[in-house]
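Enquirer: give me a model of this one.
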Amino acid sequence: MIATDLDGTLLCAGDTVSPRSHAALALARAAGARHIVVTGRPVSQVRHVLDGLGYAGLAVCGQGAQVYDAARDRMLHSVEMDRELAEVALGKIEAEIGEVYAAVNGAGLDAVMLTAPGYRMPHPHLATVRVGRRAELWSAPINKVLLQHPELDDDELTRIARGVVGHMVNVTMAGEHTVELQPPGVSKATGLALAAAELGVPAAGTIAFGDMPNDIPMFAWAAHGVAMANSHTELKAVADEVTLSCDEDGIAVVLERLYA
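Expert: Below you'll find the model as predicted:
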């Protein structure tokens with residue numbers, strides 16, 4: 001099984017997959033490998049990518065909270081975040097570092113991303129709904145909370161948030177300006193393990209590709225973890241291998257070596 005993150009790993013600018021990466025994945029599938037997408041994005045923000053790939057398998061979405069069957073457009077597994085817990089966690093973080101800007105990903109197949117005042121969407125091409133007050137973020141079921149701070153960088157915000165509420169929720173950094181709070185016990189590894197069990201594929205037969213600290217649990221679960229050249233230093237430190245960057249078709253380089 002080949003488990004690939006999307007942003008900064010398989011996807012290039014404009015949510016596109018290069019022809020070389022397309023061909024390398026096809027080569028691997030022809031040899032009997034399964035490709036599974038493992039992304040922090042919720043299902044509603046990833047369908048167009050899966051359609052572009054002609055993807056008909058399972059996808060792990062929402063940072064591991066969702067397992068989605070693309071062929072049947074059906075959610076096989078979904079973990080919601082307790083909204084009261086999320087609100088309490090935000091309050092504790094703000095008591096430590098002052099105001100943070102917040103957004104949430106909805107839990108359903110077609111759920112929207114809600115952003116509160118001050119939050120800047122790192123991927124402006126993805127649809128969001130701006131709310132007037134933070135209280136409106138809790139109007140419907142969610143699977144995670146996204147945080148930004150007006151002064152602290154992502155590493156510092158992650159470190160402080162983990163120190164303050166890490167015993168209550170899972171805190172991870174998923175990308176630039178993307179620090180997230182998830183339900184306790186949920187990660188890319190838990191979602192990937194569920195999907196792999198559905199497919200009957202063991203961890204020992206899995207190679208994983210990623211670029212950010214949220215991919216660390218996935219690397220720990222898989223037999224072989226490959227970090228992109230553009231990866232965060234924390235992921236490179238635990239990777240079994242470092243390949244070229246996303247823009248240089250780093251995934252294709254490894255798959256061509258393994259399956260050509």
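
Enquirer: give me the contact list for the longest helix out of those in the chain.
Expert: As assigned by DSSP state H, the longest helix anywhere in the chain is helix 83-97. Contact with helix 83-97 is made by 100, 102, 104, 134, 138, 141-142, 145, 147, 149, 152, 157, 160-161, 164-165, 168-169, 181, as judged by Cβ atoms under 8 Å, 6 or more residues apart in numbering. Using the backbone N, CA and C atoms, a C-beta is placed for each residue, glycine as well.

Enquirer: next one: stretch 240-256
Expert: Here stretch 240-256 makes contact (Cβ under 8 Å, 6+ apart) with 2, 4, 8-12, 18, 20-21, 23-25, 27-28, 207, 209, 211, 219, 224-231, 236.

Enquirer: check stretch 25-38 too.
Expert: For stretch 25-38, contacts defined as Cβ under 8 Å, 6+ apart pick out 1-6, 10, 46, 49-50, 53, 55, 57-61, 64, 188, 191-192, 195-196, 199, 201, 208, 210, 218, 251, 255-256, 258-260.

Enquirer: can you turn the buried part of these into a ChimeraX selection?
Expert: The following ChimeraX line selects those of the contacts of stretch 25-38 that are buried, judged by 16 or more other Cβ atoms under 10 Å:
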select :1,2,3,4,5,6,10,46,49,50,53,55,57,58,59,60,61,64,188,191,192,195,196,201,208,210,218,251,255,259
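
Enquirer: what about the residue nearest to the spatial centre of the chain, which helix or strand?
Expert: With distances taken as Cα atoms, centre = their mean, the residue of the chain nearest its centroid is Gly40 (1.7 Å). Here Gly40, judged by DSSP states H and E, is contained in no helix and no strand.

Enquirer: can you give me phi and psi for the nearest residue to Arg133 once chain neighbours are set aside?
Expert: If the residues on either side of it in the chain are set aside, Arg133 comes closest to Ala116, at 7.3 Å by Cβ to Cβ, 6 or more residues apart in numbering. The phi and psi values for Ala116, taken as degrees, to the nearest 10, are phi -90, psi 170.

Enquirer: worst-scoring helix or strand of the protein, pLDDT-wise?
Expert: When each helix and strand of the chain is scored by mean pLDDT, DSSP states H and E, helix 47-53 comes last, with a mean of 88.

Enquirer: following element in sequence after that one, please.
Expert: strand 58-61.

Enquirer: and for Glu99, the neighbour number?
Expert: Glu99: 10 surrounding residues under other Cβ atoms under 10 Å.

Enquirer: please look at it and Pro150 and confirm they touch.
Expert: Yes - between Glu99 and Pro150 there is a contact at 7.2 Å, judged by Cβ atoms under 8 Å.

Enquirer: need the residues touching each of the two.
Expert: Residues touching both Glu99 and Pro150 by Cβ under 8 Å, 6+ apart: Gly118.

Enquirer: all strands for the stretch 151-260 of the chain, in order.
Expert: 170-175, 178-182, 207-210, 224-227, 241-242 (DSSP state E, counting those that start in this stretch).

Enquirer: could I get those as JSON lines with distance to Met121 and mean pLDDT?
Expert: Formatted as JSON lines, the strands of the stretch 151-260 of the chain follow (distance: least, Cβ to Cβ, whole Å; pLDDT from 0 to 100):
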{"stretch": "strand 170-175", "distance to Met121": "12", "mean pLDDT": "95"}
{"stretch": "strand 178-182", "distance to Met121": "10", "mean pLDDT": "96"}
{"stretch": "strand 207-210", "distance to Met121": "22", "mean pLDDT": "98"}
{"stretch": "strand 224-227", "distance to Met121": "26", "mean pLDDT": "98"}
{"stretch": "strand 241-242", "distance to Met121": "29", "mean pLDDT": "98"}
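
Enquirer: what confidence value was assigned to Thr206?
Expert: With respect to pLDDT, Thr206 has a value of 97.

Enquirer: quick one: it and Thr4 touch, right?
Expert: No - look at Thr206 against Thr4 with Cβ under 8 Å: they stay out of range, at 11.1 Å.

Enquirer: so how far is Leu126 from Lys236?
Expert: Distance of Lys236 to Leu126, computed by Cβ to Cβ, to the nearest Å: 27 Å.
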